[in-house]
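Q: based on what follows, work out the 3D shape:
(2 chains)
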Amino acid sequence: MRQIYAAALALLLFCVTALSAASQDTQDARAIQPLLQQHQAVIAKSSRKTIGPVIDAIAASGLPQAQQVLQVWAAKDMWIRKSDGHFFIGEKVGGKTYRLTDFDSGDVVGEFQKGDLKQLKPNSGIRALIATALVQFKLTDPDPAARADALQSVARNPSADQLAPLRASINSEANAALATQKLRLERLLTIRFGASDAERISAIEDMAGDLGVDLRATLNPVVTTVREATPTLPDANIAKTLTVGEDISTSEAYALLVAAKLAPAPVSDDVIRTALADHIDGGRVGDVPVAQLSDPAQRTRAYEALTNAGKVAPLVGEADIAQALANHVIYDRYLDPSAAVTAAAAKALKDIEVKVALNQTLDLGLDALSLASIYFLAAIGLAITFGVMGVINMAHGEFIMMGAYTGYVVQQIVPDHTLSILIAIPTAFAVTFAAGVVMERLVIRHLYARPLETLLATFGISIALQQLAKNIFGTQARPLTAPGWLDGAWMMNDVVSISYIRIAIFVLALIFLAVFLFIIKRTRLGLETRAVTQNPAMAAQMGINPGRVNMLTFGLGSGIAGVAGVAIGLFAKVTSELGSDYIVQSFMTVVVGGVGNIWGTLAGAALIGFLQKGIEWLNPSNTLAAQTYMIIFIIIFIQFRPRGIIALKGRAAGD
Amino acid sequence: MQRSFIARNPSVLIFLSLLALFTLVVTVLSEGAGAGFISTSFIKTLGKTLCLCLIAVAMDLIWGYAGILSLGHFAFFGLGGYMIGMWLMYERTRLIVVDSLNQTEIPPTEAEVIEAIGTQIFGVVGSSDFPMIWAFADSLILQLALVVLVPGMLALIFGWLAFRSRVTGVYLSILTQAMTLALALYLFQNDSGLRGNNGLSGLQNLPGVTASQDIVSLWFLWASAFALGAGYFLAAWVVSGKFGSVICGIRDNEARVRFLGYSVEAYKLALFTLTACLAAIAGALYYPQAGIINPAEIAPIASIYLAVWVAIGGRGRLYGAVIGAAFVSLLSTWFTGGQAPDLPMGVYTVKWVDWWLVLLGVSFVLVTLFAPKGIGGLFDLIPTKKGSEE
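A: Predicted coordinates:
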């Protein structure tokens, strides 16, 4: 009965569609086939121009199968059964046989020969329409992950026709986070594609002061301008009329006229040269001997002679250019036709810029703080060996490197990153402590009276250690991977962010400061160290063994350098040159801060860190220049405070 | 005066004679002279070594005699090289450009030539305009003057700033190291006007000279030998007089010399500037033989090696500096050049390319600890005929 009914439909489609649809509806309200049959001819011979209403009708039907139909259609898997004109999902089962599945029941209808079927092959225009229609299904997909994906794809490629489905999906959104995202995206799409100016302006005002990169990416195209030249000012959304000589140089302005074909192109030197070369006649060009053409004045004369003979295009003189410019207006025009919208967008952008600048300053401050803590970490070991003991240890950087390599080796043995770092820190301390003690015993103790030679001897050790590291670990960088929970960054907003590793390093620097202060001020070793530093002979009289104290103090400074090496290795590549990258800065930090005082080192690290970031901010493309200027600043700074920011006074100052 | 100076310092005469003899022998044996016992590349190595000896003499003056451990003298050396390199590169490029432009039908204008040279030289850093600092690059005379003037001015300003605030000892060493690091970092930039890390290249070709490299390398050897001789003579003369006595006094007890009424800062500044100029001349002769100069040459490490040479050779005696520089740099060339035979030690074969720096570092520590007089200290043993070594 139903089959016959459908066959009749195929013949009498145009006259009885309404009737059949009505009767089908009563028969099965949840079926989509009748709807498809209603538009059978349009779907079967679909073209981009006519298909729109049909896709909308399917999408708006509210039937659960609608999404599947559209997807199958777009994927070219929808087939028509020639016998009755019904639509099915086709699946190739072999040879020329296809298995058809019904949309409504999901049942396999049977297997058919290809000759009995016709495949629907929507062209790219239709597929794009279908994809847009599918957006609303994806936005209301029961799976939140699918909805989030759909939102992202809309945000990536926004278009005007996504606005309506997006709006429609907001009310039914159950997930609060996704609802917020949808609302935000709706505002952004409205700014770009809103139907009326008022709607767009209100969207702009709603988003005012927001720091999101996406908002700026939306607003910037709104205020994009093109520079044009015309004889008279057109009736358009003009951003600014330019005055030649003030807003735009004469040559640029004239180039605009030339590009708009409003004036002849100026004859360039290359063109003159080629023209002259083309018209050499018996060793002369327009009466000027070729040999004289190395003189620009003679070239002009020869070219003018050619012009007068009508052989080349005339030169464009300054008077011509001035005349042409006087006859035209040059202006910047907004691409967006609505002046009210562009004004609102420009104002919103300006407000955002102020806020962004403030936040960038904050971000820069955080960056500088983290750089300062890196320098502090690198220098704190030196603050002990150089600052307290007065020993110039050029191998300090190599102790940092040793610490980093220790971390790397530990990580090879213990694969768990969190555990390996926890093991690496004391191991690095132990390794570099031992190295420091050995070095003090063998070399430095013989040179306490000769500071310059300590510098040289420790430098010898430095190059030997560097080369040893190269021989053992090779020249390529070794990774020291941070534990997973240190990945990523703490994002305050789109402008201000700081990676967790940097926060960890900052915390580590604070811990080091506390440990250092505790050891020097509160322990026996610290007391003895200070005593030996101030007056070794007197300290010895008091029963302190200066040799032992010096050895332990040097070991402590080296050990701290090793731990700093683990921290630095987490964000920098571990190479044999790791230490030498930091050695000069470390010495600067100690010297600028003031020798022999941990607070001085802290101040020095802060000064250098903030200074370097500040200079980089002035000239962001060039970190090399920043370092150069920083070093020059330090050289000059030393002029005024030769003993550093915090200078020891009196006997403690030593010399 | 002169005669008595030589008479008082027989070592100067001995040194100059040995240098002359060395130059003569090398010349006779060179490829350029037809004998061919010494290859042209080795002639260049010897010429470069003579330049390194000259800067070592300058280093010895400032460190061995005045006690100022400068870790920045290679900055002056490099600047001297850059100054002469600018003329060499400009002039050679100009000849090439003019030659190729003359092939075209229309003779080039001055502006076209300049622009073509600019494109040739600065194309690698994405520019074609001549920076201000190249203003004198077309004049050999001016650029030769700049070889001395630019490093001299830098030394004068830096030294004035440093000495007037009484920065001494290790602080000064670190400050000079910072200076050379700052200069190196600055030159590494592409917009420094000196081609960034590409540096200046093709310096071995003398513009307008058609002689082969065999001959040119000999010219540079002679020039380097002459410069070393003259520099050595000047240094010996400086330290033998009253000036030298004051300088040594400053080294041994700066405060006491100041209390005696000498302007310590003026003496230091004069010597610092003089040695900077010597270093610059050495650099100006070195880099045309090396053929290329780039900012890596003036990284702090180079200046520290200079201190190593002088320390190993023996500070406070000029011939010690020369011996140290020649010995260590030639040895270094030999080891790192892969000519040294590998040393099989059972399970592990010592490759000198890898281990040379370790050896150098350790021997440097040993020299500092046990033989502060360096190789030059051996000469002290000769007259007394005592034992072999400490």
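
Q: compute the number of surrounding residues for the residue in chain B that chain A sits nearest to.
A: Here chain B gets closest to chain A at one residue, residue B:361, 2.9 Å apart by Cβ to the nearest Cβ. The way it works is simple: take the backbone N, C-alpha and C, and place the C-beta from them, glycine included. When neighbours are defined as other Cβ atoms under 10 Å in any protein chain shown, residue B:361 has 23 of them.

Q: wait, what's in contact with it?
A: A:460, A:461, A:462, A:463, A:464, A:465, A:467 (Cβ atoms under 8 Å, 6 or more residues apart in numbering or on different chains).

Q: same deal with residue A:470?
A: A:576, B:354.

Q: pretty sure it sits in a helix.
A: Yes - assessed with DSSP: H, G, I helix; E, B strand; the rest coil, residue A:470 lies in a helix.

Q: and it, what's its pLDDT?
A: Looking at residue A:470, its pLDDT reads 90.

Q: what do you get for residue B:390?
A: Confidence score, pLDDT, at residue B:390: 35.

Q: ok, residues contacting stretch A:98-109?
A: Contacts for stretch A:98-109 (Cβ under 8 Å, 6+ apart): A:28, A:30-33, A:36, A:65, A:68-69, A:72, A:79, A:81, A:87-93, A:110-114, A:117.

Q: among the residues you listed, name the buried ones.
A: A:31-33, A:36, A:65, A:69, A:72, A:79, A:81, A:87-90, A:112, A:117 (16 or more other Cβ atoms under 10 Å in any protein chain shown).

Q: show me where chain A has its strands.
A: Ranges of strands in chain A, per DSSP state E, are A:78-81, A:87-94, A:97-101, A:108-113, A:117-119, A:225-230, A:238-242, A:284-285, A:288-289, A:329-334, A:489-491, A:497-499.

Q: tabulate those (JSON lines), appending mean pLDDT.
A: Below are the strands of chain A laid out as JSON lines (pLDDT from 0 to 100):
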{"stretch": "strand A:78-81", "mean pLDDT": "83"}
{"stretch": "strand A:87-94", "mean pLDDT": "81"}
{"stretch": "strand A:97-101", "mean pLDDT": "83"}
{"stretch": "strand A:108-113", "mean pLDDT": "81"}
{"stretch": "strand A:117-119", "mean pLDDT": "81"}
{"stretch": "strand A:225-230", "mean pLDDT": "85"}
{"stretch": "strand A:238-242", "mean pLDDT": "83"}
{"stretch": "strand A:284-285", "mean pLDDT": "80"}
{"stretch": "strand A:288-289", "mean pLDDT": "82"}
{"stretch": "strand A:329-334", "mean pLDDT": "86"}
{"stretch": "strand A:489-491", "mean pLDDT": "81"}
{"stretch": "strand A:497-499", "mean pLDDT": "83"}
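
Q: how about those strands in JSON lines, adding distance to residue A:512?
A: Below are the strands of chain A laid out as JSON lines (distance: least, Cβ to Cβ, whole Å):
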{"stretch": "strand A:78-81", "distance to residue A:512": "69"}
{"stretch": "strand A:87-94", "distance to residue A:512": "67"}
{"stretch": "strand A:97-101", "distance to residue A:512": "69"}
{"stretch": "strand A:108-113", "distance to residue A:512": "72"}
{"stretch": "strand A:117-119", "distance to residue A:512": "72"}
{"stretch": "strand A:225-230", "distance to residue A:512": "53"}
{"stretch": "strand A:238-242", "distance to residue A:512": "55"}
{"stretch": "strand A:284-285", "distance to residue A:512": "79"}
{"stretch": "strand A:288-289", "distance to residue A:512": "79"}
{"stretch": "strand A:329-334", "distance to residue A:512": "55"}
{"stretch": "strand A:489-491", "distance to residue A:512": "22"}
{"stretch": "strand A:497-499", "distance to residue A:512": "19"}
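
Q: same list, the contacts of residue B:361, but only the ones touching chain B.
A: Contacts with chain B within the contacts of residue B:361, counted by Cβ under 8 Å from any Cβ of the partner chain: A:460, A:461, A:462, A:463, A:464, A:465, A:467.

Q: out of these, who's nearest residue B:143?
A: residue A:463 (35.3 Å; Cβ to Cβ).

Q: re earlier: out of the buried ones among the contacts of stretch A:98-109, who's nearest chain B?
A: When the buried ones among the contacts of stretch A:98-109 are compared against chain B (criterion: Cβ to the nearest Cβ), the nearest one is residue A:72, at 54.3 Å.

Q: so what's that closest one up against?
A: Contact analysis of residue A:72 by Cβ under 8 Å, 6+ apart lists A:78, A:89, A:103.

Q: now with 7 Å?
A: A:78, A:89 (Cβ atoms under 7 Å, 6 or more residues apart in numbering or on different chains).

Q: isn't residue B:276 right next to residue B:153, touching?
A: No - using Cβ atoms under 7 Å, residue B:276 makes no contact with residue B:153, being 9.2 Å away.

Q: using CSV, write out every CA atom in stretch A:526-535.
A: What follows is stretch A:526-535, C-alpha atoms only, in CSV (Å, rounded to 0.1, in the frame of the first residue of the first chain):
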residue,chain,number,x,y,z
GLY,A,526,78.5,30.7,59.4
LEU,A,527,79.9,32.3,62.5
GLU,A,528,83.3,30.7,61.8
THR,A,529,83.2,31.7,58.1
ARG,A,530,82.6,35.3,59.0
ALA,A,531,85.3,35.2,61.6
VAL,A,532,87.8,33.7,59.2
THR,A,533,86.9,36.1,56.5
GLN,A,534,87.3,39.1,58.7
ASN,A,535,90.6,38.1,60.3
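
Q: and residue B:313, what does it touch?
A: Residue B:313 sits in contact with B:56, B:320, B:321, B:322, B:323, B:324, B:325, B:327, B:374, B:375, B:376, where contact means Cβ under 7 Å, 6+ apart.

Q: sorry, back to before: excluding chain neighbours, give the residue nearest to the residue of chain B closest to chain A in space.
A: Take residue B:361 and drop its neighbours on the chain: the residue closest to it by Cβ to Cβ, 6 or more residues apart in numbering or on different chains is residue A:464, 2.9 Å away.

Q: in terms of pLDDT, where does that neighbour sit?
A: 91.

Q: do residue A:25 as well
A: 47.

Q: dump the contacts of residue B:361 into a markdown table; add neighbour count as well.
A: Shown next, in a markdown table, are the contacts of residue B:361 (neighbours: other Cβ atoms under 10 Å in any protein chain shown):
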| residue | neighbour count |
| --- | --- |
| A:460 | 26 |
| A:461 | 22 |
| A:462 | 25 |
| A:463 | 24 |
| A:464 | 22 |
| A:465 | 23 |
| A:467 | 19 |
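
Q: surely residue A:611 is in contact with residue A:631?
A: No - with contact defined as Cβ under 7 Å, residue A:611 does not reach residue A:631; the gap is 10.2 Å.
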